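> predicted model and sequence follow; I will ask about them next.
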Amino acid sequence: QVQLVESGGRLVQAGGSLRLSCAASGGTVINRPMAWFRQAPGKEREFVALMSWSGETTYYADSVKARFTISRDNAKNMMFLQMDSLKAEDTAVYYCAAGLFLRAATMAEGDYRYWGQGTQVTVSS
């Protein structure tokens, strides 16, 4: 059973940057597909970014492409989301998610078995 804990969310001004972290325990993130999702107030949770189990492939939602970067540190059993040029519409609770070993990384929430509790990101305009 993998436990995921996100951190790094806070209030930031538009145009600023944040780095979210996702720490795993109880299991490894190695060879697992990983992803970030977010849920804004009054909206459904949506896909943000993913990384394949090998780490060779990344993919981003159009709304964050060229501004956000997903990465992972297998040695530390962690995943990150670097967020630059933040906009007010990026305000949301951000969740990290991990899938089963060697499975394809997708944008579908149902393909991820393990989830963190979320971290709040608020961008003031």
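Arrived safely, thanks for sending. Numbers count the residues shown, from 1 in each chain.
> need the residue closest to the centroid of this protein.
Relative to the mean C-alpha position of the chain, the nearest C-alpha, by Cα atoms, centre = their mean, is the one of Trp36, at 2.4 Å.
> in a strand, that residue, correct?
Yes: using DSSP: H, G, I helix; E, B strand; the rest coil, the secondary structure at Trp36 is a strand.
> OK, contacts around it?
Counting by Cβ atoms under 8 Å, 6 or more residues apart in numbering, Trp36 touches Leu20, Cys22, Val48, Ala49, Leu50, Ile70, Met79, Leu81, Tyr94, Tyr95, Cys96, Ala97. Any C-beta I mention is one placed from the backbone N, CA and C, and that applies to glycine too.
> can you redo these as JSON lines with secondary structure?
Output for the contacts of Trp36, formatted as JSON lines (three-state DSSP):
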{"residue": "Leu20", "secondary structure": "strand"}
{"residue": "Cys22", "secondary structure": "strand"}
{"residue": "Val48", "secondary structure": "strand"}
{"residue": "Ala49", "secondary structure": "strand"}
{"residue": "Leu50", "secondary structure": "strand"}
{"residue": "Ile70", "secondary structure": "strand"}
{"residue": "Met79", "secondary structure": "strand"}
{"residue": "Leu81", "secondary structure": "strand"}
{"residue": "Tyr94", "secondary structure": "strand"}
{"residue": "Tyr95", "secondary structure": "strand"}
{"residue": "Cys96", "secondary structure": "strand"}
{"residue": "Ala97", "secondary structure": "strand"}
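> now neighbour count too, for the residues you listed, in CSV please.
As requested, the contacts of Trp36 are exported to CSV (neighbours: other Cβ atoms under 10 Å):
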residue, neighbour count
Leu20, 25
Cys22, 27
Val48, 24
Ala49, 25
Leu50, 24
Ile70, 23
Met79, 28
Leu81, 25
Tyr94, 24
Tyr95, 23
Cys96, 30
Ala97, 24
